[in-house]
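S.K.: Sequence first, then the predicted structure, then my questions.
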2 protein chains.
Amino acid sequence: MTDPRLASLNAALPALRLLTDPADLQHYGRDWTRRWAPAPLAIALPSSVDEVQAVVRWANAQGVAIVPSGGRTGLSGGAVAAKGELVISLERMHKVLAFDAVDRTLTVQAGIALQTAQDAARDHGLQYPVDFASRGSCSIGGTIATNAGGIRVVRYGNTREWVAGLKVVTGSGELVELGRALVKNSSGYDLRHLMIASEGTLGIIVEATLKLTDPPPPSNVMLLALPSFDALMQVFAAFRARLQLQAFEFLTDVALKHVLAHGAQPPFAETHPYYVVTEFASDAANESEALAAFEQCMEQGLVSDGVISASDTQAAQLWRLREGITESLAKYVPYKNDVSVRISAMPAFLQATQALLGKQYPQFEVVWFGHIGDGNLHINILKPDAMSQADFVADCERVTKLLAKVLEAHGGSISAEHGIGLVKKPYLGCTRSAAEIALMRGIKAVLDPNGILNPGKVFD
Amino acid sequence: MTDPRLASLNAALPALRLLTDPADLQHYGRDWTRRWAPAPLAIALPSSVDEVQAVVRWANAQGVAIVPSGGRTGLSGGAVAAKGELVISLERMHKVLAFDAVDRTLTVQAGIALQTAQDAARDHGLQYPVDFASRGSCSIGGTIATNAGGIRVVRYGNTREWVAGLKVVTGSGELVELGRALVKNSSGYDLRHLMIASEGTLGIIVEATLKLTDPPPPSNVMLLALPSFDALMQVFAAFRARLQLQAFEFLTDVALKHVLAHGAQPPFAETHPYYVVTEFASDAANESEALAAFEQCMEQGLVSDGVISASDTQAAQLWRLREGITESLAKYVPYKNDVSVRISAMPAFLQATQALLGKQYPQFEVVWFGHIGDGNLHINILKPDAMSQADFVADCERVTKLLAKVLEAHGGSISAEHGIGLVKKPYLGCTRSAAEIALMRGIKAVLDPNGILNPGKVFD
């Protein structure tokens, strides 16, 4: 702790836990992108809201930049500290603070893992329905800061829909309590929604009151094999017209190949170009509607094969085919695009994008999967072993510029659910106009007048 | 049009329709509050987004304040023009622009009436579920600017949940397109949510893309008679535990008295202190659950009597008992409080408030009704005939200051669904902290740098 700034922080807050070991700087300085070399000044691990405020006030006085840090499972570099920033990790603030059965809310410290919050809701006979594969590692604060989506959005919406209240420390160190868990509150600007998806650039989320809902009904999982992407949108329409879907996820043959190579069970004797994993409540009416939709799609040649789960074990096996993709690709350090368009724009966007990537990536393996019911596609480009990471990223960024133009033409977004962070920053202008970005800059200056919160993320 | 500013506007925009007749100034200068004497400079009736932008640019150049105007059915003075402002009414911009069956969205100009949008959704086999009594007069732009609530919030949420995209002209005359109807979009700050409930102080909403959903199922309406307010919360819990409620509204004996005097049919032979109107899907399972909840509440002495609709006509008659209240009170020019607390805080808040109002308003008739499922109470104080409006309002404002303190103690809001406008502005500090109000001021300065949009509304 020879840096005079850290000596000053230590003097100001002797009880604050600070980490400066190189291994800790590595660990806390990066997220799942693995693209930037971590280089934080130090890691602060506050144990209370007061300590968070005190650190922010100190940072303002000293002109030290702060990177708010959750579970660092992000995929856009939003929690990367590569420029001597002080990382504030809320991992010691991981308590469930309150449950209210009448309001159906769970109040938690922001450092709690998503899964811990889900479990706490379940213990009270309710559910917190936001869900995705990194549930065990990501923090609630991080999910709110990125408005995380996941596999249940088609049924339950994004994180934004489930935040009843927030406590936030602003860039000037003030604590504000936003939303207050009121169902109805039309009293001025909704700063809670402004914080959601602000990626730590407007404030540090220290506490959240989450909305809970009825537990999900017992459900069936169905895996469908499809001959074409055009069929995919028609199958979605046929199923959505007949029953309320809990999930409607798709993957390509290439994605399935990787999951199978990683140990999953092959679902069909033959292979097919596209697959859908869909889930719905398993009552008799729903099952008969799902089978009717399936038969209708088979007759129209939209579906080539299908299987429905007969047990929870089988349901889990089918889900693994979709949820296991990211893990099965991790060894390739893939370059990730996470894009969205309106559902109605999907066919045209897909056609243009398939053509673009087929032409631009002849040498790379491209893995497609995503949330069809939300208009959200994940495109993972796999790095060939022989290629350097830098050359690979450079080539992918060249193509992402072209993809951003396609997105712009189809009214889409360069980031559906990962956030902008560092990774998508160069392409923000394809989704948000210059006027909007100027307004965002102005708003940041109001909430973080000295620009100390996550500088360089989202926009410059 | 002798005012030189109007001559300048006319010169700049010769095709713009401008009204300056005294009757028009009266009509467009006030909302349903009827508390301020209308005194607008003139009324501009643009017919296109371009014209709205041009008027805003002109207003910036001339330093003329603008009051954006929807259907002027507001109850908080948000659309009052009493200080020489230019009213911009969007009543000529009332077209349905697009419907998309795949996205399930309806794109409309902001001047369209809520009911017209509801009808358009119904014509396409879907519903726009925001609903309340002024549906025929209020504009979609106004409902968004106040985040309107209404009678279906317990099932469908507030207006905020149903806005997929907005086109807004900011205070500097720029057109920004927010949200773009994407289900998933994590690309920087959500300015769409910032606009919702900003009451025309940050921008003029010119176009909205509304989310639609499945039409409501055929439903049953049940009217319950209750012996006490404590029973009310228990009855709500008993019904909510057994079935999904479409609505759960309450009114007092005094409210019922006024609706009956206004021509409605008495529902029971005897009178009771409290009543609930609740609605739920009319399938066999729901009906049996509702009857079971009713019997359970009867056995526990929580409910004294009840009736269930046997036809649509009867359902409409029961709804009229709740929906007819505001109209039946209009002749008294009531002073309105529209407050909310967390549902769990309702019993304690109610007890404190009943005690406060009983003590402070011995001479006035007080009418309670509201949306129990949302924690939202409407308190209408009726002006005695012999009292002047000014004396009456002054006394009510004295008591509202005390009510604001009770709200603050119970973590409530001074405006659940009406907005702040002019009426609630003195009490904003009971719901939002000084730090929050300072942030709001800062944000307004970013979006409306010259302070020309609805100045003096929400905060000074």
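M.R.: Right, received. Where do you want to start? Numbers count the residues shown, from 1 in each chain, chains lettered A, B, ... in the order given.

S.K.: And the residue of the stretch 1-150 of chain A closest to chain B?
M.R.: Checking the stretch 1-150 of chain A residue by residue against chain B with C-beta to the nearest C-beta singles out residue A:102 as nearest, at 3.9 Å. From N, CA and C alone the C-beta is placed, and that goes for glycine too.

S.K.: what number of residues lie near that residue?
M.R.: A count of nearby residues for residue A:102, using other C-beta atoms under 10 Å in any protein chain shown, gives 16.

S.K.: same question, residue A:258
M.R.: If you count neighbours by other C-beta under 10 Å, residue A:258 ends up with 23.

S.K.: Next: residue A:4.
M.R.: 9.

S.K.: And the next helix or strand past the longest helix along chain A?
M.R.: Among the elements of chain A assigned as helix by DSSP state H, the one spanning the most residues is helix A:389-409. Sequence-wise, the next helix or strand downstream of helix A:389-409 (DSSP states H and E) is helix A:434-447.

S.K.: Summarise which helices and strands that following helix is packed against.
M.R.: Based on contacts counted as 3 or more C-beta pairs under 8 Å, 6 or more residues apart in numbering or on different chains; DSSP states H and E, the elements that helix A:434-447 packs against are strand B:175-178, helix B:191-195, helix B:434-447.

S.K.: From the chain's centroid, how far away is the host helix or strand of residue A:222?
M.R.: Element membership of residue A:222 [criterion: DSSP H and E] is strand A:219-226. A distance of 24 Å separates the centroid of the chain from that of strand A:219-226, by C-alpha atoms, centre = their mean, to the nearest Å.

S.K.: List, one by one, the residues from the stretch 251-400 of chain A near chain B.
M.R.: Taking C-beta under 8 Å from any C-beta of the partner chain, the part of the stretch 251-400 of chain A that reaches chain B is made up of A:340-344, A:371, A:373-376.

S.K.: Which one (most neighbours) among the residues you listed?
M.R.: The member of those that has the most neighbours, counting by other C-beta under 10 Å, is residue A:340 with 31 neighbours.

S.K.: can you give me the angle the helix or strand containing residue A:319 makes with strand A:219-226?
M.R.: For residue A:319, the host element (DSSP H and E) is helix A:312-323. Between helix A:312-323 and strand A:219-226, the angle comes out at 50 degrees (axes from the mean of the first three to the mean of the last three C-alpha atoms, to 10 degrees).

S.K.: contact partners of helix A:312-323?
M.R.: With contacts defined as C-beta atoms under 8 Å, 6 or more residues apart in numbering or on different chains, helix A:312-323 is touched by A:133, A:151, A:219-223, A:249, A:251, A:256, A:259, A:264-265, A:267, A:275, A:277, A:279, A:307, A:309, A:369.

S.K.: what's the domain layout of chain A?
M.R.: A:4-91, A:96-211, A:219-326, A:334-439 (automatic domain parsing).

S.K.: Give me whichever of those domains is most buried.
M.R.: Each of the domains of chain A was scored by mean neighbour count; the highest is domain A:96-211, a mean of 23, by mean count of other C-beta atoms under 10 Å in any protein chain shown.
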